[in-house]
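Engineer: using only what follows, build the 3D model:
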Amino acid sequence: MNSYNPEFKQPPWVMGSPKEVMDWIEATHPSKKESKKIDHKGSKEFLTNLHIKFDFNVKQTKIEPSNIFLKLFLKITGNEIVEEDFNLLTVTELILRGLAKAKFRNTAKIVVDGRTLYEHPEKKSDLRRTIQDISEFSLGISNGKKVEITAILADVEKCIAIIKINKIHDKKEHSVDIQIKGKIRKEIYHTFLNYLKDEIGLKE
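Structural biologist: Residues are numbered from 1 along each chain as shown. Down below sits the predicted model:
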C-alpha cells in the first residue's frame with residue numbers, strides 16, 4: 001500500500017446522525033427482527049439490503065454557488081455546499097480493493113461526475129483486472145468530484161453494491177454512501193468492512 005497518499009492510510013471517520021448510528025449498529029449486529037436465511041450448502045447467515053453512510057474527518061471548504069437561485073435556496077434552507085480535502089483516486093482504488101477482498105469479482109460500471117468511464121455488466125468482467133488497469137481512468141477520477149462504482153457479487157445469492165464517493169456535496173449529506181442491494185453473506189460483508197477499517201481507518 002506504499003503507493004497511496006500517506007494522508008489516507010489511517011484517516012479517522014465519523015458517523016452522521018444518531019439515526020445513522022443506529023442504522024449502522026443494526027447492520028453490523030442485526031436484531032431478531034432482521035430477516036436471516038440459512039444457506040444449506042454452507043450454513044451461512046445472510047444480510048439483506050444494507051445501506052451505510054459515513055464521512056471523512058478532513059478539512060471542508062464552503063463553496064459559494066454561482067447560480068443565484070441555488071444560492072438563495074441554500075440560504076433559505078440554512079444549508080451549504082462543501083468540498084472535502086481527500087484524494088478521490090486513492091479512496092476509489094482502496095474501495096475497489098476492498099470489494100475484491102470481499103469476493104466481488106465483477107465491476108459493472110464506474111461513473112465520474114455523471115460520465116461513464118467504464119461499463120461491463122457481463123459476469124465475465126474482472127474487478128481485479130479493473131484495479132490493475134485503473135491507470136486508464138486515473139486522470140478522469142483524479143479530476144473528478146464524484147465517483148459511483150457498481151460491483152456485482154455472484155455468490156450463493158447475487159447482490160449488487162453501489163458505492164458513491166463525493167468530494168463536493170450538500171453538508172447534510174455524506175462523503176461515502178454504500179448500498180448493497182440483495183442478500184450478502186454476513187462474513188463477506190464483515191470482510192469488506194474490516195478491510196476499510198484496516199486500510200482507510202473506518203471507525204464505527
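Engineer: low pLDDT regions in this structure?
Structural biologist: Within the chain, the stretches with pLDDT under 70 are 1-43, 69-71, 73-75, 77-78, 121-125, 201-204.
Engineer: what segments of it are strands?
Structural biologist: With strands called from DSSP state E, the chain shows them at 13-14, 46-56, 60-63, 81-84, 106-112, 115-119, 146-154, 158-166, 168-170, 176-185.
Engineer: other SSEs contacting the fourth one?
Structural biologist: Spelled out, that is strand 81-84. In terms of contact count using 3 or more CB pairs under 8 Å, 6 or more residues apart in numbering; DSSP states H and E, strand 81-84 is assigned the packing partners strand 60-63, strand 168-170. C-beta coordinates here come from the backbone N, C-alpha and C atoms, glycine included.
Engineer: what does the longest one contact?
Structural biologist: Residues external to strand 60-63 that are found in contact with it (CB atoms under 8 Å, 6 or more residues apart in numbering): 80-85, 168, 171.
Engineer: in contact with the closest residue to E173 other than its chain neighbours, which residues?
Structural biologist: Closest residue to E173 in three dimensions, ignoring its sequence neighbours and counting by CB to CB, 6 or more residues apart in numbering: N166, at 7.0 Å. Listed by CB under 8 Å, 6+ apart, the contact partners of N166 are 84, 145-146, 173-177.
Engineer: could you rerun that using 10 Å?
Structural biologist: Residues near N166 by CB atoms under 10 Å, 6 or more residues apart in numbering: 55, 82-84, 88, 145-148, 173-177.
Engineer: pipe those into TSV and attach neighbour count and distance to R129 per row.
Structural biologist: Converted to TSV, the contacts of N166 look like this (neighbours: other CB atoms under 10 Å; distance: CB to CB, whole Å):
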residue	neighbour count	distance to R129
D55	18	31
V82	19	35
E83	15	32
E84	19	29
L88	19	21
K145	14	26
K146	15	24
V147	23	18
E148	18	20
E173	15	32
H174	21	30
S175	22	27
V176	20	24
D177	17	26
